[in-house]
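Asks: Starting from these lines, generate the structure:
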Amino acid sequence: MANKAKIILGIDPGTLVMGYGLIHVEGKKASLIEMDVLKLSRMKDHYERLQLIHARVNELIRQFQPTSFAIEAPFFGKNVQSMLKLGRAQGVAIATAMHAGLPVTEYSPKKVKQSVTGNGNADKEQVWLMLQRILSIGERPDYFDATDALAVAVCHFYQESSPLAAVSKAKGWEQFLQKHPERISK
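Replies: Predicted coordinates for the structure are as follows:
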């Protein structure tokens, strides 16, 4: 299964701009399929924005047939109303993916930055520069929300391809070793 082709959909949830990025994974190589944003700021009604998030995520799933879905967890801010709205946007995207039968994984912003750049405190420009190198892509899009979503997808790729990923899927080392006796060195 490690060499089976996969498509990962990464989402950077937002109530004004939602970023999304899709990568194709073949073995240990990832390549860009698409990254862009859904602009929601023209909609005044928050519920209408949620409906648009659902529709766009649903369309991305239908069009690209991803095998997994990764989303950035909202960071804790001081504005409770903003956090509530962001949580709703994230919930709609997650529910849409789950309804389509996709496994969902959530990553903190710090984990995404750490996975992509090696520095959990990297700024958006540093993340973008690493994505350019990793995926051999050209000029930066207009919104960092798109590159943030792409970084979430790449983070998920790295987490899934890590040798420790098999350990976390097993229920402890004993079960892992039972499933993989060839990994025992004598």
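
Asks: Count the neighbours of the closest residue to Leu177 other than its chain neighbours for me.
Replies: Nearest non-adjacent residue to Leu177, counting by C-beta to C-beta, 6 or more residues apart in numbering: Ile184, 6.1 Å away. C-beta coordinates here come from the backbone N, C-alpha and C atoms, glycine included. By other C-beta atoms under 10 Å, the residues close to Ile184 number 7.

Asks: Go ahead and confirm Ile184 touches Gln178.
Replies: No. The criterion here is C-beta atoms under 8 Å, and Ile184 misses it with Gln178 at 10.2 Å.

Asks: OK, contacts around Val112?
Replies: Contacts for Val112 (C-beta atoms under 8 Å, 6 or more residues apart in numbering) come out as 72, 127, 148, 151-152, 155.

Asks: CSV for these, including pLDDT?
Replies: Below are those laid out as CSV (pLDDT from 0 to 100):
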residue, pLDDT
Glu72, 96
Val127, 95
Asp148, 96
Ala151, 97
Val152, 98
Cys155, 97
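
Asks: Narrow those to those in helices?
Replies: Taking DSSP state H, the ones among the contacts of Val112 that sit in helices are 127, 148, 151-152, 155.

Asks: Nearest to His54 among the residues you listed?
Replies: Using C-beta to C-beta, Val152 is the member of these that lies nearest His54, at 18.6 Å.

Asks: wait, that closest one sits on Met18?
Replies: No. With contact defined as C-beta under 8 Å, Val152 does not reach Met18; the gap is 11.8 Å.

Asks: Now list whatever residues contact both of these two.
Replies: 11-12.

Asks: Look at these two and report which has more neighbours.
Replies: Val152 (32 against 27).

Asks: how about the residue nearest to that one when sequence neighbours are not counted, what does it touch?
Replies: Excluding the flanking residues, the one nearest Val152 by C-beta to C-beta, 6+ apart is Gly10, at 3.5 Å. Gly10 makes contacts with 20-23, 70-72, 149-156, as judged by C-beta under 8 Å, 6+ apart.

Asks: Okay, and Gly10 sits in which element?
Replies: Using DSSP states H and E, Gly10 sits within strand 6-12.

Asks: just to revisit the earlier point, any chance of the contacts of Val112 in CSV, plus distance to Leu50?
Replies: Listed next are these as CSV, based on distance: C-beta to C-beta, whole Å:
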residue, distance to Leu50
Glu72, 17
Val127, 27
Asp148, 20
Ala151, 24
Val152, 20
Cys155, 25
